[in-house]
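Enquirer: sharing a model that was predicted from the sequence below.
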Amino acid sequence: MPFSYEKAKQALLEEQTKLKKQLEHLKTTQHESIGYSNHMADDATEAFDQAVDVTLKRGAETSLEEVERALGKLDDGTYGLCEACGARVDRARLEALPHARYCLECQARREHSGKGSL
Ligand SMILES: [Zn+2]
């Protein structure tokens, strides 16, 4: 199947829905866990669970930002262009990662210079 913006948009919208649900779910579970710990051992487990929740939540929030950014780029016609060098991002890369912001070379350069992924 050839790559198309339509397909990318669909994948991004699906991802957006999934991430929003995930965030909603994390909010709910965090809310429910408040006030249910009466024992030391539970507190430790809960602190760990909450740390995991926070990590998951941050990850989901970051991904959601990336996905919404990519959707915005689809709208303004800059989707699929590397944000660093302006080159067209490899199709295979976009299929694997619809919200990719950089071409492989710029991505590798960023990872190498320790400026984080994406
Ligand atoms: Zn680039």
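Expert: Great, that's in hand.
Enquirer: so how far is the longest helix seen in the chain from its chain's centroid?
Expert: Determined from DSSP state H, the single longest helix within the chain is helix 40-76. Relative to its parent chain, helix 40-76 has a centroid offset of 8 Å by CA atoms, centre = their mean, to the nearest Å.
Enquirer: quick one: pLDDT of the spatially most central residue of the chain?
Expert: The centroid of the chain falls nearest to S63 when counting by CA atoms, centre = their mean (1.4 Å). According to the prediction, S63 has pLDDT 95.
Enquirer: contact partners for it?
Expert: The neighbours of S63, taking CB atoms under 8 Å, 6 or more residues apart in numbering as the test, are 15, 19, 99. All C-beta atoms are positioned from the backbone trio N, CA, C, and that covers glycine.
Enquirer: and the nearest residue to the last one once chain neighbours are set aside, what is it in contact with?
Expert: If I follow you right, that is H99. Nearest residue to H99 in three dimensions, chain neighbours excluded: A70, at 3.9 Å (CB to CB, 6 or more residues apart in numbering). Counting by CB under 8 Å, 6+ apart, A70 makes contact with 8, 12, 79, 98-101.
Enquirer: need the residues of the chain near the ion, please.
Expert: Within reach of the ion by CB under 5 Å from the ion, the chain has these residues: 82, 84-85, 87, 103, 106.
Enquirer: what bits of the protein have low per-residue confidence?
Expert: For the chain, applying pLDDT under 70 flags the ranges 1-3, 30-41, 114-118.
Enquirer: packing partners for the helix or strand where L12 lies?
Expert: Assigned by DSSP states H and E, L12 falls within helix 5-33. When contacts are defined as 3 or more CB pairs under 8 Å, 6 or more residues apart in numbering; DSSP states H and E, helix 5-33 packs onto helix 40-76.
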